[in-house]
Structures are given as structure tokens and as C-alpha cells.
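> Need a 3D model of the following:
(one chain, ligands or ions: 1)
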Amino acid sequence: SYSHPQHDQTLFEERYLRYISPLGKGNFGSVELCRYDPLGDNTGELVAVKKLQSNKQSNLEDFQKEVNTLHVLHCDYIVKYKGVCYSMGRLSMSLVMEYLPYGSLIGYLEKNKQNINTRRMLLFASQICKGMEYLQSLRYVHRDLAARNILVASETLVKIADFGLTKVIPHNKDYYRVTQPGESPIFWYAPESITESRFSQKSDVWSFGVVLHEIFSYCDIRFNPKRLYMQEIGHNVLGTSISVHLANLLKGNWRLPSPSNCPPKVYLLMKQCWAHDFDERPYFSNLGNQIETMIQDERE
Ligand SMILES: COc1ccc(-c2cccc3nc(Nc4ccc(N5CCN(C)CC5)cc4)nn23)cc1
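Model (predicted):
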């Protein structure tokens, strides 16, 4: 059954949505840069439009849920939802969001690593913490927190994007169990998510630790989490699935190594997020405070 349509949904008319260029491919869809230009004089605003890839019913319902999720989120550290555009002909819909000019954190850190100091990396980390704290206050679990899903709005502001896998935790539980794990980003997953498909605020904290590792590795492809884990697991693993090897590696307390030049106190923060027992992992509020303190201490 369809989730109820949002009554105050902002409607963008397809005929005024001018395609400019592709921005990337996310979960279930592609994102394009468009100008919404009703006056037809190029004075309209630039927007990021996420088009639903296939019109498969299941994807349409997941997409509608993503729209409903983003619609209720109002936070400086979460990409702003603007509205939807229905293409009547194809009975499909697109999600219209604010356009963030600097793109994803991955491209930004790689390109600007020369002039990004520890202080700015900690600032980005604290903003992601605040966005996650807000998300958790509404009982949402993101489930796909990764540098690829963090967008750069300005040189001093990042926002969390891509709520394709986000779930709401039921009120009588403190975790969400996924039935059909699709294309899973297992190298960002907590052990309990890998072995039991169990997702909670504490599994998002684990993923945040991996995002910290990505940030302090300047998202250098040579040190990306998947590559580091696969080096440790060994590329020629046959038979048993990668996730079994990964779960055993984590059970045996192997963790991603400290990025080079990463301040020891930041690596300690990552290790806190990677406590095997999810009850021992800090909350985003606690992480945010620790990071704020580090920012104060940064003399740079
Ligand atoms: C996974 O792919 C995406 C792509 C775009 C988005 C998205 C959603 C909501 C808002 C939003 N603003 C931007 N901006 C943006 C700007 C530049 C680029 N790149 C410029 C350089 N190119 C080589 C790569 C794309 C990508 C995204 N992207 N974006 C989310 C996931």
C-alpha cells in the first residue's frame, strides 16, 4: 500500500526543470543538476534532482519513503528537501533538493588536502555528529553513513545526504532489523549489522568512526576502508562470504589502522566508535562534545 502522500508537498513542474549535468548515482537512483527556471530567463535556482532509476513498485515505495523521510528533516547539517516533480507520462517522480556546489566529501578532501588542516576536519566531523544527533532525536537510523554520502555546502559546512536506506526505529525497540539487505556497504557496518542485520543508533556510531577514518585519510583511495579490510582479509578468499571473514576479523579485534598524521586522540575516538559491544560505544552527543573540545585545543 502507498504511504500517504504529503499534503503540503512543494510541486516542481517538469516543464520548468532544465537539465544541466549529471551529479552521480546513489541508492536506487541517479542525481542530476538542474535549474528550476519558470521565467525561462536563467534566473531560476540550481537544484539537485534525484530521479528514481527503475519504476519497479518496490523501488517506488522505497523512494516515496525516502521523500517522506527527507520532507520532515529540518537541520542545518542535513541536505534540504525542496519538493517533488511528477513526470505524468512515465508516472514516475523525482526528489528535488538544494544543490551543494562543492560535491561529496570524497572529491573535496582529495582535491583540497593541501589546505585542509586538523581543525577543519574536526569541524566537519562535529557537524556530522550534530546532524546525526538530530536524526536520532527523531528515532531515525541512517544505515549508510559514509564520506560518499556527506556533501560539502561551503568551505566550512558539510551536510548529511542520501536517506535511501534510512529507517525509523519502532517505539518499543531500540534497534531495527532489516529483512532483505540489498547492496550492503558492509565495510561501514558494525559487527551486529553484518551478522544479525541489526541496526541502531550505535551501529550508526560505528559507521561514523569509519567516516572519521575516511576524513583523516583525506578520502585517499589507497586507504579507503574496503581496500584496507580486503588487504587484511586477503583477496583470494574463496567459498565463505567476505562478510563472514570481516565479522571474524572484527571479532578478533582487528581494526582499521590509524591514518598517517592522524592525531592520536582522534584515532582513540575512532576506537571508541568501534567497540565490539554496541553498549560500550559513545552516543553522538558525547562524540560531539569530545570533538568540540579538540577543536578548542587545536592551536592551528
Ligand atoms: C551518489 O551521487 C550523488 C550525487 C549527488 C547528490 C546530491 C544530493 C543532494 C544535493 C546535492 N548537491 C550536490 N552537489 C554536487 C556538486 C558537484 C558534484 N560533482 C562535481 C565534480 N564531478 C566530477 C563529480 C560530481 C556532485 C554533487 N550533490 N547532491 C547525492 C548523491
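> Without its sequence neighbours, what residue ends up closest to residue 174?
Setting aside the residues directly before and after it, residue 174 is nearest to residue 200 in space (CB to CB, 6 or more residues apart in numbering), at 5.9 Å. C-betas here are computed from N, CA, C, even on glycine.
> Apologies, that question was intended for residue 75.
The spatially closest residue to residue 75, leaving aside those adjacent along the chain, is residue 134, at 4.3 Å (CB to CB, 6+ apart).
> so what does the helix or strand that contains the one you found touch, helix or strand wise?
Using DSSP states H and E, residue 134 maps to helix 118-137. Counting contacts by 3 or more CB pairs under 8 Å, 6 or more residues apart in numbering; DSSP states H and E, the secondary-structure elements packed against helix 118-137 are strand 157-160, helix 201-216, helix 284-297.
> now whichever helix or strand comes after the second one, how far from the centre of its chain.
To tie it back to what came earlier, the one meant is helix 201-216. Stepping forward along the backbone from helix 201-216, the first helix or strand reached (DSSP H and E) is helix 225-233. Averaged C-alpha coordinates place helix 225-233 at 20 Å from its chain's average position (CA atoms, centre = their mean, to the nearest Å).
> State the mean pLDDT of whichever helix or strand comes after helix 225-233.
Where DSSP H and E defines the elements, the next helix or strand beyond helix 225-233 is helix 242-251. Averaging pLDDT along helix 242-251 yields 95.
> got the buried residues for helix 242-251?
243, 245, 246, 247, 250 (16 or more other CB atoms under 10 Å).
> okay, the residue nearest to residue 75: pLDDT?
Reading off the confidence values, residue 134 has pLDDT 96.
> Was I right to think it contacts residue 77?
Yes. Applying CB atoms under 8 Å, one finds residue 134 in contact with residue 77, separated by 7.0 Å.
> Would you point to the one among the helices and strands packed on helix 118-137 that's packed deepest?
Sort those by mean neighbour count, taking mean count of other CB atoms under 10 Å, and helix 201-216 sits at the top with a mean of 25.
> Can you name every helix or strand that that one contacts?
helix 105-112, helix 118-137, strand 140-141, helix 191-196, helix 225-233, helix 264-273, helix 284-297.
> would a markdown table of the ones you listed with distance to the ligand be doable?
Converted to a markdown table, the helices and strands packed on helix 201-216 look like this (distance: least, CB to the nearest ligand atom, whole Å):
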| stretch | distance to the ligand |
| --- | --- |
| helix 105-112 | 6 |
| helix 118-137 | 14 |
| strand 140-141 | 17 |
| helix 191-196 | 21 |
| helix 225-233 | 16 |
| helix 264-273 | 24 |
| helix 284-297 | 22 |
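> Out of the ones you listed, flag the one nearest residue 43.
For the helices and strands packed on helix 201-216, proximity to residue 43 was assessed by CB to CB; helix 105-112 is nearest, at 27.8 Å.
> Can you report how many residues lie near the residue in the stretch 51-200 of the chain that the ligand sits nearest to?
The shortest separation between the stretch 51-200 of the chain and the ligand is 3.1 Å, found at residue 103 (distances taken as CB to the nearest ligand atom). The burial metric for residue 103, expressed as a neighbour count using other CB atoms under 10 Å, is 13.
> about what we covered before: what is the neighbour count of the residue nearest to residue 75?
For residue 134, the tally of surrounding residues (other CB under 10 Å) stands at 18.
> that older thread, looking at the helices and strands packed on helix 201-216, which one is packed in the most?
Per-stretch averages of neighbours, counted by mean count of other CB under 10 Å, single out strand 140-141 among these, with a mean of 22.
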